[in-house]
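Chemist: Starting from these lines, generate the structure:
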Amino acid sequence: MGLLFGTRESDSPWVESVWTCRSEYVSEMTSVASETWGLVFWEQAGRRYAAITGPESRTGTAPVPESASFVGIHFAVGTALRATAPSTVVDGGIVLPDVTSRTFWLDGAHREIPRPEDAEALVDRLVRDGVVVRDPLVAAALQGMPPEVTERTLERRFRAATGLTQGAVRQIRRARTAARLLSSGDTPGDVVDKLGYYDEPHLARALRRYVGRTAQQLRTRTDDAIALDLDQRTTSYTSLVTPLE
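Modeler: So this is what the prediction gives:
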């Protein structure tokens, strides 16, 4: 076995998803591009750790602590930490200091490490304290609502809120959805039609850049050392279809 992932969606407008993971007999994984930042907490050999994870602009490889248990929060696109510019954590992250068996240090205060079912309660406290902020214009644009600003202003707001361009956010979301569809049995042709790729070579390039797997590898699921819950259901494609690059 490699990485045992579980993911659930959240009804909080501040949270994209909450995930858990257990690493077994694996020391390295394929890191999949992500348009969101997050908080991750893990335990290894009786010690607790915490970190801020940044958006990832492309696939890569990353070390994995062996025999560790993780709880993570993927925040919604358009949210950010008050004291941390999103651009400073793209393709990186920050290990948080002063982690105890029960608490972690963030933005000047000790906060309780959440269990998976407590993730939204932690986020609510962070929002109430002003630690996590949000640009509603970015979220509205991703939902297809016409912005009341110029395209140039919208692009600037995307960069400020996510550290990525609007196009990159949409392409990463689409590639992650494509990976899950392929792993659930869709053919490359099905995915091309559903998500608006030009053709199968265009899909293949996106998978190579953002997921680090071929369509065939995702369909056969021969390697599970990948930082993506391939069993997570994806049911809406409308906001993912963009002008083709």
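Chemist: Only the buried residues of the helix ranked longest in the chain, if you could.
Modeler: As assigned by DSSP state H, the longest helix anywhere in the chain is helix 166-183. Judged by neighbour count (16 or more other C-beta atoms under 10 Å), helix 166-183 contains these buried residues: 166, 168-183. Bear in mind the C-beta positions are built from the backbone N, C-alpha and C, glycine included.
Chemist: before we move on, what about stretch 56-67?
Modeler: For stretch 56-67, by 16+ other C-beta under 10 Å, it's E56, S57, R58, T59, V64.
Chemist: Taking those together, which two end up most distant?
Modeler: Greatest spatial distance among the buried residues of stretch 56-67 (C-beta to C-beta): S57 and V64, at 20.4 Å.
Chemist: Need the mean per-residue confidence for stretch 118-138.
Modeler: On average, the pLDDT along stretch 118-138 is 96.
Chemist: Contacts made by it with the rest, please.
Modeler: With contact meaning C-beta atoms under 8 Å, 6 or more residues apart in numbering, stretch 118-138 is reached by 10-15, 18, 71, 73, 75-83, 106-107, 109, 111-112, 114, 147, 149, 154, 157-158, 160-162.
Chemist: then that stretch to CSV, C-alphas only?
Modeler: Once non-C-alpha atoms are left out, stretch 118-138 reads as follows in CSV (Å, rounded to 0.1, in the frame of the first residue of the first chain):
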residue,chain,number,x,y,z
ASP,A,118,-13.8,19.6,13.7
ALA,A,119,-12.2,21.2,10.7
GLU,A,120,-15.1,23.7,10.0
ALA,A,121,-15.2,24.7,13.7
LEU,A,122,-11.5,25.7,13.5
VAL,A,123,-12.1,27.6,10.3
ASP,A,124,-15.0,29.4,11.8
ARG,A,125,-12.8,30.6,14.6
LEU,A,126,-10.1,31.7,12.2
VAL,A,127,-12.6,33.6,10.2
ARG,A,128,-14.1,35.2,13.3
ASP,A,129,-10.6,36.3,14.5
GLY,A,130,-9.8,37.8,11.1
VAL,A,131,-7.0,35.3,10.5
VAL,A,132,-8.6,33.9,7.3
VAL,A,133,-9.9,36.5,4.8
ARG,A,134,-11.7,36.1,1.5
ASP,A,135,-12.1,38.0,-1.8
PRO,A,136,-15.8,37.2,-2.8
LEU,A,137,-15.2,38.4,-6.4
VAL,A,138,-12.8,35.5,-7.1
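Chemist: That stretch: how far from the chain's middle?
Modeler: Distance of stretch 118-138 from its chain centroid, counting by C-alpha atoms, centre = their mean, to the nearest Å, is 16 Å.
Chemist: do the same with stretch 98-108
Modeler: The answer for stretch 98-108 is 23 Å, by C-alpha atoms, centre = their mean.
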